[in-house]
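> Show me how the following folds:
(2 chains)
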Amino acid sequence: MLRYIVQRIVLILPTLLGVALLVFLMLRAMPGDITDVMFKGEGGSVPPEVIVAERARLGLDQPIWVQFGKWFWGLLQGNLGMSMWTGQPVAYEIAIRLELSLQVALMATLLAVLIAIPLGTLSALYKDTWIDQVIRVFSIAGLAVPSFWLGMIIILVLLTLFTWHPPLTFTRFTENPIANLSQLVWPALAVGYRYSAVATRMMRSTILEVLQEDYIRTARAKGVFERLVIMRHALRNAMLPVVTVIGLEFAFLIGGLVVTEQVFNLNGIGKLFVEAVTRGDNTLVQGLVLLVATTFIVVNFAIDMLYAWLDPRIRYR
Amino acid sequence: MSAVPGTPAIDYRVPKRRHAAATFVLQQPLGAAGLAVIVLMIAAAVLAKWVAPYDPLSVAYDNILARPSWDHLLGTDNFGRDVLSRIVYGSQTALSVGFLASILGSTLGASIGVASAYFGGRIDMIVQRIMDVLLSFPIIVLALAVVAILGKNVVLGVDINLVIAIGIPMVPKVARVVRSSALAVREMPYIDAARTAGFSHARIIFRHIVPNVTAPYLIMLSAFVGQAILLEASLSFLGLGVTEPAPAWGLMLSGSAIDFYQQAPWMIVFPGVAISLAVFAFNLFGDSLRDWLDPKLKL
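Residues are numbered from 1 along each chain as shown, chains lettered A, B, ... in the order given. Have a look, this model is predicted:
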């Protein structure tokens, strides 16, 4: 087991190196750089010396391999570099926005789990009845409705019913829990619907699969109450793939937030990402992509570990 | 032919063969409903010139933000453009980008998956690591990056670079699924036989392996059309996909639409309904196609 864990951790490193290299090269392949956006955006004329000086200051005049080496050396020391636009450390820019995005992601996950487990189970138990059909249509629709549009519709409804408008500033949970929750529950709902749909479908199909197993038949034959069969035997075993889906989707929520944060006017990681891309703030984009990729890889790893813990039959070698 | 006395008569009639399409409709009614919506949408896109009541680009400042009425069934936007006509023309963008991107993404992914499984060893290892790297980017992040790098390149009314940006994130997913199917096929005795017979790699791949992985390929392809439409809408919404004045569903929701929440809710309700309905139809069809072709395939 320990050997397996070490092996997995060792494999994470080349993947992260690949991500770092790929994102760096992709960004440098883009035509133009941040100085175009900084100085030529408003159509004003800036003396070429200023642009040359600025590019030198940002290190953009050096060969690409030198740039990569410098950035990567910093990375190895845990330094993500400075944002080219604000001049603040990338880690700082991310840190001040992470709390908000993380909270929305956690709330969406909670919503998704609360919706998916009962609905998926019901759908499987009442397979091919109207209950199943309604739940299936509800979950397929969840995959079809764009989260940003759902967010707009939520705002529209709240606006007409309660004249509620998305607040302009973020209230911390520790400052005012009610204001905080009433601000973030709606974006969480907008991204959580899709999330719950994915999990519901997974829940349904795994429960259906588990119900075919011999131990379910044995339990029923022994005369175990049907409720106990479902709760103790079916649900427990069906949780594994659902945990996987929930974990993987969690890592991708950051991506989903890119669009939803725009709608709800939230200053989180997603909005920062779009801003960084449109401004050509390469160091910031690199930092964000690395953050997301690392989350994904770590979550993936954690899921595998969780598997071994939840299911004693699995032993990694 | 006369039956031997004392034996029960044998029914020699060949069981009635139904056309594949007919069995699909009978066994998968939800999928057939999805297919019907898809066909309707394709018809609307092709015949947009005759279906749409107005020119989607014609601006009428004397009739801005008009409520839905008999003249303008879904109302008009802040430039006085007919919302229904823009939705009808928007289906051209959604369908062309959706189909092209998923064909590109799944074909590239399937080719990589087959090659990786067939050649195995070191090549497989390297290819899988690259796919791991691509998989650890969220789809929209990868698409955003590709859009930013490639810029715009419109050919015959379709932004090819947008198609590439939406197709690329699908590649590693298809490659995974097709690779695992191809790995199973590779172990079949007939592949060994073909190799012993001295056939070339190309012949073994195209004649023996490819036909056996078309089911997962088609399933992934159809499952991705809906996602591609959704992704195109998201990118256009962010202002990084299709750009004004072209009619596209995601674009109709972006920018100024948000400022007219109260005055003109139809501006944001209907384009979203169009996106959802289209993606819903493709998902229903894709799901049913999977149940029908290969119920065990996990996506």
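> For the stretch 101-250 of chain B, list the residues in contact with chain A, please.
B:129-130, B:132-133, B:135-141, B:144-146, B:148-149, B:151, B:226, B:230, B:233-234, B:237-238, B:240, B:250 (C-beta under 8 Å from any C-beta of the partner chain). All C-beta atoms are positioned from the backbone trio N, CA, C, and that covers glycine.
> Give me the buried entries from these.
B:130, B:132-133, B:135-141, B:144-146, B:148-149, B:226, B:230, B:233-234, B:237-238, B:240, B:250 (16 or more other C-beta atoms under 10 Å in any protein chain shown).
> Which ones among these map onto strands?
Using DSSP state E to define strands, no part of those is located there.
> What is the subsequent helix or strand relative to the helix or strand encompassing B:Ala194?
Per DSSP states H and E: B:Ala194 is located in helix B:189-196. Using DSSP H and E, the helix or strand that follows helix B:189-196 towards the C-terminus is helix B:201-203.
> Can you tell me what sits against that next one?
For helix B:201-203, the surrounding residues in contact (C-beta atoms under 8 Å, 6 or more residues apart in numbering or on different chains) are B:Tyr118, B:Ala194.
> Flag every buried residue along it.
Going through helix B:201-203 with 16+ other C-beta under 10 Å, nothing comes out buried.
> In three-state terms, label the nearest residue to B:Phe199 once chain neighbours are set aside for me.
Of all residues not flanking B:Phe199 in the chain, B:Arg207 sits nearest, at 7.8 Å (C-beta to C-beta, 6 or more residues apart in numbering or on different chains). Following DSSP: H, G, I helix; E, B strand; the rest coil, we place B:Arg207 in the helix state.
> which ones among the buried ones among the residues of the stretch 101-250 of chain B next to chain A are found in helices?
B:130, B:132-133, B:135, B:139-141, B:144-146, B:148-149, B:226, B:230, B:233-234, B:237, B:250 (DSSP state H).
> re the thing from before, next, count neighbours for the residue nearest to B:Phe199.
11 (other C-beta atoms under 10 Å in any protein chain shown).
> Roughly how far does it sit from chain A?
Per C-beta to the nearest C-beta, to the nearest Å, B:Arg207 is found 34 Å from chain A.
> how about the helices of the stretch 1-150 of chain A, start to end?
Using DSSP state H, counting those that start in this stretch, the helices of the stretch 1-150 of chain A run over A:2-29, A:34-40, A:48-58, A:64-76, A:90-125, A:130-144, A:147-162.
> Next, format those as TSV and append distance to chain B, mean neighbour count and mean pLDDT.
What follows is the helices of the stretch 1-150 of chain A, written out as TSV (distance: least, C-beta to the nearest C-beta, whole Å; neighbours: other C-beta atoms under 10 Å in any protein chain shown; pLDDT from 0 to 100):
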stretch	distance to chain B	mean neighbour count	mean pLDDT
helix A:2-29	4	15	79
helix A:34-40	12	17	66
helix A:48-58	18	13	73
helix A:64-76	14	13	78
helix A:90-125	12	20	87
helix A:130-144	4	18	86
helix A:147-162	4	18	84
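> export the ones you listed to TSV and tack on distance to A:Phe173?
Conversion of the helices of the stretch 1-150 of chain A to TSV gives the following (distance: least, C-beta to C-beta, whole Å):
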stretch	distance to A:Phe173
helix A:2-29	31
helix A:34-40	35
helix A:48-58	37
helix A:64-76	32
helix A:90-125	7
helix A:130-144	27
helix A:147-162	20
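> Which of these sits closest to A:His233?
Among these, helix A:90-125 comes nearest to A:His233, with 12.6 Å by C-beta to C-beta.
> Could you check the angle the closest one makes with helix A:64-76?
Using axes from the mean of the first three to the mean of the last three C-alpha atoms, to 10 degrees, the direction of helix A:90-125 lies 70 degrees away from that of helix A:64-76.
> and helix A:90-125, what does it pack onto?
Judged by 3 or more C-beta pairs under 8 Å, 6 or more residues apart in numbering or on different chains; DSSP states H and E, the packing partners of helix A:90-125 are helix A:130-144, helix A:177-210, helix A:236-264, helix A:269-279, helix A:282-310.
> could you give the angle of that helix to helix A:236-264?
130 degrees.
> Which pLDDT value belongs to the residue in the stretch 51-200 of chain B that chain A sits nearest to?
Proximity of the stretch 51-200 of chain B to chain A (C-beta to the nearest C-beta) peaks at B:Pro138, 2.7 Å away. On the pLDDT scale, B:Pro138 is placed at 73.
> Got the phi and psi for it?
The phi/psi pair for B:Pro138 (degrees, to the nearest 10) reads phi -60, psi 140.
> right, and it touches A:Val259 too?
No. Assessed by C-beta atoms under 8 Å, B:Pro138 is found out of contact with A:Val259, at 11.3 Å.
> Identify the residues contacting the nearest residue in space to A:Ile64 that is not next to it in sequence.
Of all residues not flanking A:Ile64 in the chain, A:Arg28 sits nearest, at 5.5 Å (C-beta to C-beta, 6+ apart). Going by C-beta under 8 Å, 6+ apart, A:Arg28 touches A:Ile64, A:Gln67, A:Asn282.
> now the first one: how far from A:Leu27?
In this structure, A:Ile64 and A:Leu27 are separated by 10 Å, where distance is defined by C-beta to C-beta, to the nearest Å.
> And the strands in the stretch 1-150 of chain B?
In chain order, the stretch 1-150 of chain B shows no strands, with DSSP state E, counting those that start in this stretch as the criterion.
> what residue ranges in it are flagged as low confidence?
Counting by pLDDT under 70, the stretch 1-150 of chain B has low-confidence residues at B:1-18, B:58, B:60, B:63-66, B:72-74, B:78-80.
> Could I get the full set of helices for it?
Under DSSP H, counting those that start in this stretch, the stretch 1-150 of chain B gives helices at B:20-27, B:29-46, B:48-51, B:83-119, B:121-135, B:139-150.
> can you list those helices in CSV and add distance to A:Leu288?
Shown next, in CSV, are those (distance: least, C-beta to C-beta, whole Å):
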stretch, distance to A:Leu288
helix B:20-27, 44
helix B:29-46, 36
helix B:48-51, 39
helix B:83-119, 24
helix B:121-135, 16
helix B:139-150, 8
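> roughly how far apart are B:Ala143 and B:Leu253?
17 Å.
> Please say which of these two ends up with more neighbours.
Using other C-beta under 10 Å, the more surrounded residue of B:Ala143 and B:Leu253 is B:Ala143, with 28 against 25.
> what's the closest non-adjacent residue to the more buried one?
Closest to B:Ala143 by C-beta to C-beta, 6+ apart is B:Ala165, at 4.6 Å.
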